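Student: Below is the sequence, then the predicted model.
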Amino acid sequence: MRVIVVGGGVVGTMHAWQAVQRGHEVVQIEREAEARGASLRNFGQIWVSGRAGGEELDTALRARELWERIGAEVPGLGFRAIGSLTPVRNAREYAVAEAAVARPDAAARGYKLVTAAEARAINPALRGAFEAALWCERDAAVEPRTAQLHLREALRASGRYTFLPGREVRDLAGPAAVRDDHGDVHRGDAVVLATGAWLSGLVRELVPDLPVRRVRLQMMQTAPLGEPLTTSVADADSFRYYPAYKSDALDALNAEQAQTPVAAAHKMQLLMVQRRDGGLTIGDTHEYEHPFAFDTVEDPYDHLTAVVESFLGRPLPKIRHRWAGVYAQCTDTSRVVHRQQAAEGVWLVTGPGGRGMTCSPAIAETTANELGW
């Protein structure tokens, strides 16, 4: 079988990986010289802990298993089974963490409520003031800015993979065939459109009523911390954002403990991961209303800096990079991904939202199974 994958991000690359692993030939087409969207502009978190139960959690757990397996084959991914800690500061936040640990699926997520001293034993860099923490053993991380590069190196080694950058697919050229802006036609047995947040052009023509929206976020990265941050770190505002934490305790938190005005205005949570170079990737905000602003806003960065410094008990290293990014999310946020046949031999896979990096291996595996690869 010959599979044409359109899109060079992590979802597209994982579809290429699945096809090659199953013995097929793959041509992957990317409109940029390299993928430059959400697949690079994220934390690199393999984030199991906050996922909704049922299909979403099952997908995340399967993806976590696949990431670890692929990471063993491709060491350049930088797969790290580091877990995560969410420090809590008061009784209301503690109650939300306590309710999470009482979930029937808590063991599958690796939830455990730990004391402040136990949290510091897990992650000694957390020297700031907090009362306890939610430990999530199943969370992990990879290096988002280099993951696709290393995956493609491994794919090329198979002898059945071709990467064509700098080509935008403009239209269909028959069943399971596309034409790019060089005028070249690429024919296969299946075409997968995994174009991320790029939902215009051919995607809009094929599916004009696509139930997917675009979401903008802001993030930053620091100079090296100078010591290991041995886990990912979140704050209690993440309880408000992730569906796994829904409970009466969360309702009480939302009713009785408002977010700061800046965090509320920008729909914020803290997520923080240390990169292999020692720097910290920190975010994030959420913007849903179009048209998106073209500039980044400073107040959210000030808020995140204050939260991080309160957990670390020390000044944040110099901020070296700030950026914004856009990802595609199903308008029905309970759906893991939007997958549909858009034309004969052509399937569209998009809209995983903030789950893209986490769930991409399992999303691609499901596509491959459904298409009978």
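Tutor: All right, it came through fine. Residues are numbered from 1 along each chain as shown.

Student: alpha carbons only for contacts and neighbour counts from here, please
Tutor: Noted.

Student: Strands along the stretch 151-300 of the chain, start to end?
Tutor: Using DSSP state E, counting those that start in this stretch, the strands of the stretch 151-300 of the chain run over 161-165, 169-172, 177-180, 185-187, 190-193, 212-224, 232-234, 271-274, 279-283.

Student: Let me know which of those is the nearest to D248.
Tutor: For D248, the closest of the strands of the stretch 151-300 of the chain is strand 232-234, at 20.7 Å, according to Cα to Cα.

Student: buried residues in that closest one?
Tutor: 232-234 (16 or more other Cα atoms under 10 Å).

Student: Could you export those to JSON lines, including columns for pLDDT and distance to M220?
Tutor: Output for the buried residues of strand 232-234, formatted as JSON lines (pLDDT from 0 to 100; distance: Cα to Cα, whole Å):
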{"residue": "S232", "pLDDT": "98", "distance to M220": "15"}
{"residue": "V233", "pLDDT": "98", "distance to M220": "15"}
{"residue": "A234", "pLDDT": "98", "distance to M220": "15"}
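
Student: CSV for those residues, including distance to G278?
Tutor: What follows is the buried residues of strand 232-234, written out as CSV (distance: Cα to Cα, whole Å):
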residue, distance to G278
S232, 13
V233, 15
A234, 18
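
Student: before we move on, back to that, mind putting the strands of the stretch 151-300 of the chain in JSON lines, distance to A107 included?
Tutor: As requested, the strands of the stretch 151-300 of the chain are exported to JSON lines (distance: least, Cα to Cα, whole Å):
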{"stretch": "strand 161-165", "distance to A107": "39"}
{"stretch": "strand 169-172", "distance to A107": "45"}
{"stretch": "strand 177-180", "distance to A107": "46"}
{"stretch": "strand 185-187", "distance to A107": "46"}
{"stretch": "strand 190-193", "distance to A107": "35"}
{"stretch": "strand 212-224", "distance to A107": "31"}
{"stretch": "strand 232-234", "distance to A107": "19"}
{"stretch": "strand 271-274", "distance to A107": "22"}
{"stretch": "strand 279-283", "distance to A107": "27"}
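
Student: can you tell me which of those comes nearest to T115?
Tutor: Closest of the strands of the stretch 151-300 of the chain to T115 is strand 232-234, at 15.2 Å (criterion: Cα to Cα).

Student: all helices in the stretch 101-250 of the chain, in order from the N-terminus.
Tutor: 106-109, 116-122, 144-156, 202-206, 237-241, 248-256 (DSSP state H, counting those that start in this stretch).

Student: Tell me which of these lies nearest to V215.
Tutor: Evaluated over the helices of the stretch 101-250 of the chain, closeness to V215 peaks at helix 237-241, with 14.0 Å, by Cα to Cα.

Student: Show me which residues of the closest one are buried.
Tutor: Quick answer for helix 237-241 (16+ other Cα under 10 Å): 237-240.

Student: helices and strands around it, which ones?
Tutor: Other helices and strands packing on helix 237-241, by 3 or more Cα pairs under 8 Å, 6 or more residues apart in numbering; DSSP states H and E, are helix 248-256.

Student: Can you tell me how far L316 is from A129?
Tutor: Applying Cα to Cα, to the nearest Å, the value for L316 to A129 is 16 Å.

Student: now do M357
Tutor: For M357, the distance to A129 - Cα to Cα - is 31 Å.

Student: Please say which of the two ends up with more neighbours.
Tutor: M357 (27 against 14; other Cα atoms under 10 Å).

Student: so the more buried one sits right up against V48, yeah?
Tutor: No: M357 sits out of contact with V48 when judged by Cα atoms under 8 Å, with a separation of 11.1 Å.

Student: Among the buried residues of helix 237-241, which one lies nearest to E34?
Tutor: Using Cα to Cα, those come closest to E34 at S238, 31.2 Å.

Student: Skipping adjacent residues, who's closest to that closest one in space?
Tutor: Q269 (5.0 Å; Cα to Cα, 6 or more residues apart in numbering).

Student: Correct me if wrong: that neighbour contacts D284.
Tutor: Yes: if you go by Cα under 8 Å, Q269 and D284 touch, sitting 5.9 Å apart.

Student: Which of these two has more residues huddled nearby?
Tutor: Q269 (27 against 24).

Student: Quick check: pLDDT value at that one.
Tutor: pLDDT, Q269: 96.

Student: which phi and psi does it have?
Tutor: Per-residue torsions, Q269: phi -150, psi 160 (degrees, to the nearest 10).

Student: any idea how far D189 is from it?
Tutor: For Q269, the distance to D189 (Cα to Cα) stands at 43 Å.

Student: Could you do C359 as well?
Tutor: Relative to D189, and taking Cα to Cα, C359 is found at 25 Å.

Student: Compare neighbour counts for these two and give me the winner.
Tutor: More crowded of C359 and D189, by other Cα under 10 Å: C359, with 30 against 15.

Student: Tell me the confidence at the more buried one?
Tutor: For C359, pLDDT reads 97.

Student: Check the one 3 residues further on too.
Tutor: Looking at A362, its pLDDT reads 98.

Student: Make sure it is indeed in a helix.
Tutor: Yes: per DSSP: H, G, I helix; E, B strand; the rest coil, A362 lies within a helix segment.

Student: Nothing else from me, thank you.
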